[in-house]
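In: Show me the folded form of this:
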Amino acid sequence: MSEISVSEASTLKITAIEGVNLSQFATNFLTQSLSAGVNNLDLISKLNTIAMDPQDDGVALILVNEWDEDNNGLTIGGELFDGSGNSRTVTLTIIIDEV
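Out: Sure, this is the predicted structure:
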């Protein structure tokens, strides 16, 4: 399970995966509300929808590993917004060692 920690309630919007712009997807699809502290990152389950999982059994880790084009972790870009309207660009990296 992937986790993300934030200092205050925030909203994370995923904007790109491995440099591919995801703006054509619905905003709520790639957006997650976060509470102050540690949160489970629901990105993997959302990748399941992007991958159009025909077996409806979840994204295989091997598929996520294949998306890692430069073999240094799956790079995910996003924006983190707080309740005051402040925002910050963030980069998340998911590394899968051996599949």
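In: residue contacts, Leu43?
Out: Contacts here follow CB atoms under 8 Å, 6 or more residues apart in numbering; on that basis Leu43 touches 2, 14, 32, 76, 92, 94. C-beta here means a position set from N, CA and C on the backbone, and glycine is covered the same way.
In: ignore the last one, Glu8
Out: Here Glu8 is in contact with 36, 82-83 (CB under 8 Å, 6+ apart).
In: On the three-state scheme, it is what?
Out: Judged by DSSP: H, G, I helix; E, B strand; the rest coil, the three-state class of Glu8 is coil.
In: Give me the phi and psi angles of it.
Out: In terms of degrees, to the nearest 10, the main-chain angles of Glu8 are phi -150, psi 160.
In: Tell me the spacing between it and Gly73.
Out: Counting by CB to CB, to the nearest Å, the gap from Glu8 to Gly73 is 27 Å.
In: Which parts of the chain are helices?
Out: Per DSSP state H, the chain has helices spanning 43-50, 61-67. These are given in chain order.
In: For the shortest one, the averaged confidence score.
Out: This means helix 61-67. When the per-residue pLDDT values of helix 61-67 are averaged, the result is 63.
In: show me where the chain has strands.
Out: Here the chain has its strands, by DSSP state E, at 3-6, 10-17, 20-21, 31-34, 37-40, 74-82, 87-94.
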